[in-house]
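> quick one, structure for this:
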Amino acid sequence: MNKKILIVDDDPRNIFALKLTLKARGYAVETCTMAQEAFAILKSDHQFSVVLMDMMMPGIDGYEAVRIIRSTPEIKNIPVIAVTAQAMPEDRQKCIEAGADDYVSKPIDVDLLITAIEKFL
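Predicted coordinates for the structure are as follows:
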């Protein structure tokens, strides 16, 4: 079973904490800080099980990034979990409408995150 995850987040502290947590649980993790970088990584490596996408990033934000992933044939089927500090019910809906498969709010509850990830493995 492939357990490779791409973390896309513009905050190095979030990347550091998530990467540490996921690696400790046996996941292979790659990271990047910009959506454009994520598209290139996903297109060049088809081994990712899931993408954890920060929704609030400069430049192309997570909402736009998910829409681009969904409209790019070779990467459109990769599950995307939206990760955001926006925690109102309408924020979850906005993420799902943009094309995310699931949603986890910050600060991240690790058990909820792992449960979300495991759905796609």
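
> how far is stretch 18-29 from where the chain is centred?
14 Å (Cα atoms, centre = their mean, to the nearest Å).

> which parts of that stretch are buried?
Leu18, Lys19, Leu22, Tyr27, Val29 (16 or more other Cβ atoms under 10 Å). (Each C-beta comes from the backbone N, C-alpha and C, glycine too.)

> who touches the lowest-mean-pLDDT helix or strand in the chain?
Least confident helix or strand, the chain: helix 89-98 with a mean of 93, by mean pLDDT, DSSP states H and E. With contacts defined as Cβ atoms under 8 Å, 6 or more residues apart in numbering, helix 89-98 is touched by Met55, Gly62, Tyr63, Glu64, Val66, Arg67, Ala82, Thr84, Gln86, Tyr103, Ser105.

> which residues touch Gly99?
So Gly99 contacts Val66, Arg67, Ile69, Arg70, Val80 (Cβ under 8 Å, 6+ apart).

> the last one: neighbouring residues, count only.
Under the neighbour criterion other Cβ atoms under 10 Å, Val80 is assigned a count of 26.

> next one: the first one
Each residue near Val66 was counted by other Cβ under 10 Å, and the total is 24.

> so it belongs to a helix, correct?
Yes - the assignment for Val66 by DSSP: H, G, I helix; E, B strand; the rest coil puts it in a helix.

> that one is in contact with Val80, isn't it?
Yes - with contacts defined as Cβ atoms under 8 Å, Val66 counts as touching Val80 at a distance of 5.3 Å.

> shared neighbours of those two, which are they?
Going by Cβ under 8 Å, 6+ apart, residues that sit against Val66 and also against Val80 are Met53, Gly99, Ala100.

> of the residues you listed, which is the nearest to Lys43?
Met53 (15.6 Å; Cβ to Cβ).
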